[in-house]
Structure formats: structure tokens, C-alpha cells
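# coords please:
(chains A and B)
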Amino acid sequence: MSKWDRPEYQRIAHAEHRGDEVVVTFEDGSRVTLRTKQLLPKHLSGANWSDLEHTTFELIVPTSAGDHEIPWSTIRAVSDNDFSAHLARAAEEEAKQIGLRLKELREARGISSKELAVRAAIAPQSLSRIENGRHDVTFTTLRRILAAMGCTLKELPTTAQSVGTLQALMRLLKPLGFTKQFITRRLIPRDSRRGLNAAGEESVVQATARAISDIYGWSVASILEGRRLSFDLGPMEQVLFKGLSPNKDIRTTAYTLYVHWLAVQTVQATPRPQHIKLSDNPLEIRKQITDRYGDLTLNTLLSYAWDSGFVVLPLSDEGIFHGACWKIDDRIAIVVKQRTRHQARWLFDLAHELAHAILHITDKQTAVLELEEISHFPESKEEIEASDFAQDLIFKGKVEDFADACVRKAKGNLRMLKIAVAQVAKENQVPVDALANYMAYRLSMQNENWWGAANNMQSAEPSPLAIARDELQGRVQLEKLNPEERRILLQAFEVEE
Amino acid sequence: MARVFTIGAFVVYVYAERGNPHKQPHCHVNGKGTSTVVAIRTLTVLAGPKLPRNVRQALLDGLDELIARWEQLNPTSEDGETE
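Predicted coordinates:
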């Protein structure tokens, strides 16, 4: 319950007039002082403030036009920034809700937006702004739009909330590809999830609906009323899925839109670096990294990526896709998504996505989404280029030379390979865990399973997700996001307990 | 001046305000010791306790009257700003 829902916040205990000010004391003990001219509409004159009276919920001021009443909410709205911000947010939400409702009524009648604009005698751009909730609208305009569809203002208000439980919310969202796990881990506010009983399920549902509204653009009311929801991808479809496998399904859409939203928030909250000319040569990049930061590791590659103006989001959710790059607002956001705790795997995936960001993302191609697992030996042209780039970056362009050296040192004996890999990695100053992975991949092409040994050579502490998350938190100005956006973003990096 | 109608124990008020501090057309529904602020266009509760179903329905039934009173007390220009 917010403070403005409590009677003691609303109820006036005392009010008095002092000079050109009014001092109001509420039952919660708070006292506010306001200038009298803040409270009277301009057209009213002849106010006799010395005869000020009050009831429980309003001030009463005699004027030449009769008594003028000022409700508690006006006094609070002009004196309490929190309440004023709440009203502003509610007004935004209302504009969105009205826009969606108008669109819903129009579409249900099979009227195009162009036709409705003509019928209502308003500019098509104005109608579009209203339907998108970007323009507050007067009753006059609303009546005109509604009348053009044979409707009245009575068709705007919402019906009663029908989604009152988390189970009902999950049922509503399931056909849209939202899994229970995704909703629970990423959308339901963590604090309320822990104290579900204390918070009350309905308020948890409302908080979750607000998060979903922020991400997917549906109004909170349309979610809580259980209306039929659908993704309005429009041009976004090209941005998010361009040139990718046709096997995308609705679950991919729901999750991808969520991750894209995270990427947008991160880009918007990250300071733009000075223009940096990036090399597209992995060997040059490697040299820059080792000169600037030391040995090539996940930490140093992350530092290079962020310092070069990229934004790197680390995620550990299961399935859907394995990595992504998006061009957002002239920046590139890289998503690395891995379940494993092995740093070498994260290093390779980051180098692979960095390659896409440098080699493939352009003004025309603004997205890469990895629906297949990222591999050392991929099949498509772009994937081969990205994996070759990553190998050259990590192994100085000599991965096959190092692999041959390992085989020679082990004298073709798999039992000796572990020691050989460690020696070759040390002699050539390349990451031993990454070289072990490469050898395991290479052997798997020859039907030899060397993964057990390779896994024993992996570094898993500190966790790569934590490394990448800490880097992000050090780079992003979280205060630029509102509390809800910040909460959703930080919850994206949590690991299930 | 502000009272519009009553619904059982509830009284509905619309006020003239200066400078649009609520940022949207709204009314107050005051009951015994309670006050709920409701957005007129969508009947969304902005502050205070939720309204009983019959009170909400009565607001919907009386919507034309509420809007007429709001427009009378808070004349608007086309950009939606109150005077």
C-alpha cells in the first residue's frame, strides 16, 4: 500500500492562514506550507483567506463567487514530490491505456487508422500519437474519435481486474511464450517473491504487470483485465530477427524482446565514449589488449569491449538463443548467454560476438541472433568468419599450429595430451582452458571424446557471469534508469538459488 | 459547487483546480473516513482504497455528468492543458 492510499496521509487535522501562506497539518503529522496563489484557479477572485475552514478532506475558502473547495490531493500534489511523480506516471499509463483501447475498438470494427482519422477529422499523425499513448487528449477530441467508430466515452473505462493471482497471470501469458520460469526469475520483483504473503499476491501481480508493461508496451490495465495480448512487432521484427533461422517461435519472440529491452536500457544508461577507430584485425586487437590491460582473459576482453564503446550484457538463462548483437542508437550491444561456469567458453563467445559486432553489424544489418550454439567449427559464412576471428584473437592466429604442437608433444597419445596442452599454452602465452576446449572440439570431429580432460582444465572461479556483471555495473550509470527499469535490469543477472 | 452526486454512503466530488497538478481529469469519491481519487476517463484509482463494484458501476453510469462537471470547472484548451 502506498502512503497516498492511507487515510492519515489524506485527512486534514488542522489548517490555518498566515500572511500569504496556508499551513496544513495532516493526520500523519506532516505539515505543509503553501502560497495561497498556488491553490486558487486563476478565474477566482476575492478570496477571503482569513475565513479559511477545513473538513476532513478539503479546505474551504470563501470567494466573491462563493465557497471554493481545495481537496487534500491538490495540497499533496503541489507539496509532495513522490505523490506528484506518482500522478505523472499514472497519467502516462492512462494515455497509453486510452490509446490501446481506441486502437482495440478501431481494429474490432475493421477500420484503418487512416480512415478513422478522416472520419474524426483529425490529422493521421495525431491519431497515431494518441493510439501510441504519446499525446494527452481532450474530451472533445476523444468524443470525436469515439463517435467516428459509433462509440461513446463510456467505452473507455476498464472493466474489473480479472487477473488477480500469479497463476492467472501465467495462464494469460503462456500462449505468448512466457514460461513460468522466465516470469518467476526475471519479471516478478524478487523482494515480493520472497515475501509473497506479506506483500499480498494482488500487489505482486500488479508489480509484475507494471514490469511487463514497461518491457512489452501493453498497458497495465490490459494485462490485469486479462485482455487478449499480442506482440506488436512491426518494424521491430526486422531489427530483432533479420536474416535468421525461420524456426523462430513465439517463445523466442517473448524472450528476445525482453533481452532487447535490457540492451536498450543498458545502452541508454552508459556514457558514450569518445569516437574510437576500431581495428577489424583480431591480431591487432589482441596486441592492443595485451599492451593496455595485460594477458588476454575474459576480464581484459571485457574491458577492451566496454572501452571501445560496446555494451556487454551477460545472461545465463536456458535455451532460446546463445548470443546476440544489436545496433541501438548508434551503439552496439553484445549479449553473451551461457549456462556454463567455464571462463574459456565465455571468452570464446564474447570474442565471437565481438567479431559479429565489428565485421557484420552495419546500418543495413542491425542484428545478429545466435539461435544455434556457438561453435569452433560452424557452417554459415558469417559464423565461420566470427569463429575464425575469435580463434585468431585468442590464439594469436596460430590455433592449428598450437594444436599440432600439442599432438606432437603428446606423441599422439590422448593420455599425454593434458600435459602437452598445458605446456603449449604456457610456452605461447595463450589461455590453457581455451586451448583445451579447442582440442576437445577438434578431437570430437574425429569421434574422439576428450571433453572430460578438457573440462578438468577449466577455470570456473570467479564465475564468468559475476565477472561480466560486475564490469557492467561498473560501467552503467544505474541512476539514469528509473527504479523499475533498474530492478528489471539487475534481476536479469541473478543466478537461481 | 464540487459535489456531483451520491452513491449510497459515498459522495462524488469534482473540483476546479489550478495548474493541473493531478495531470488528468479526476474525481474524488469520499466515504466514511475514506477518500479515493479516480481518473475519470478510465476509472483507474489514483489514490486511496479500491471502490466497491457497485460504486464503480455508478461512476460509469454517471460518466456524462462527471465529464460535464469536469469540463465546466476545468475548461481545457486543445492541447489538454487546464487553464
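
# which stretch of helix or strand covers the residue nearest the centre of chain B?
Computing the C-alpha centroid of chain B and ranking residues by CA atoms, centre = their mean puts B:C27 first, at 1.4 Å. Following DSSP states H and E, the helix or strand that holds B:C27 is strand B:26-30.

# ok, residues contacting that strand?
Contacts to strand B:26-30, defined as CB atoms under 8 Å, 6 or more residues apart in numbering or on different chains, come from residues A:57, A:71, A:73, B:4, B:7, B:10-15, B:35-40, B:46, B:48, B:51, B:55, B:59, B:66, B:70. All C-beta spots, glycine's among them, are computed from the backbone N, C-alpha and C.

# how big is the angle separating the helix or strand that it is followed by from strand B:26-30?
Scanning forward in sequence from strand B:26-30 by DSSP H and E, the next helix or strand is strand B:35-39. If you take axes from the mean of the first three to the mean of the last three CA atoms, to 10 degrees, strand B:35-39 sits at 160 degrees to strand B:26-30.

# Could you list the low-pLDDT ranges of the chain?
The chain I'm using is chain A. Within chain A, the set of residues satisfying pLDDT under 70 comprises A:158-161, A:192-199, A:232-248, A:374-378, A:496-497.

# please go with chain B instead
For chain B (pLDDT under 70), the answer is B:1, B:76-83.

# Show me the helices in it, by range?
B:53-61, B:63-73 (DSSP state H).

# Can you lay out the ones you listed as JSON lines showing mean neighbour count and distance to A:K364?
Putting the helices of chain B into JSON lines (neighbours: other CB atoms under 10 Å in any protein chain shown; distance: least, CB to CB, whole Å) gives the following:
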{"stretch": "helix B:53-61", "mean neighbour count": "16", "distance to A:K364": "51"}
{"stretch": "helix B:63-73", "mean neighbour count": "17", "distance to A:K364": "50"}
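
# Next, format the ones you listed as CSV and append distance to A:P483.
Shown next, in CSV, are the helices of chain B (distance: least, CB to CB, whole Å):
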stretch, distance to A:P483
helix B:53-61, 30
helix B:63-73, 32
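
# got TSV for those helices, with distance to chain A too?
Output for those, formatted as TSV (distance: least, CB to the nearest CB, whole Å):
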stretch	distance to chain A
helix B:53-61	6
helix B:63-73	5
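
# and of these, who's closest to A:K114?
helix B:63-73 (28.3 Å; CB to CB).

# Which strands and helices lie in contact with that closest one?
Judged by 3 or more CB pairs under 8 Å, 6 or more residues apart in numbering or on different chains; DSSP states H and E, the packing partners of helix B:63-73 are helix A:139-148, strand B:3-7.

# Looking at the helices of chain B, spot the one closest to A:R35.
Proximity to A:R35, assessed across the helices of chain B by CB to CB, is greatest for helix B:63-73 (21.7 Å).

# what comes into contact with that closest one?
A:139, A:153-154, A:157, B:2, B:4-5, B:12, B:14-16, B:25, B:27, B:40, B:59.

# how does it look with 10 Å?
A:41, A:138-140, A:142-143, A:152-154, A:156-157, B:1-5, B:12-17, B:25-27, B:38, B:40-41, B:43, B:59-60, B:62, B:76, B:82 (CB atoms under 10 Å, 6 or more residues apart in numbering or on different chains).
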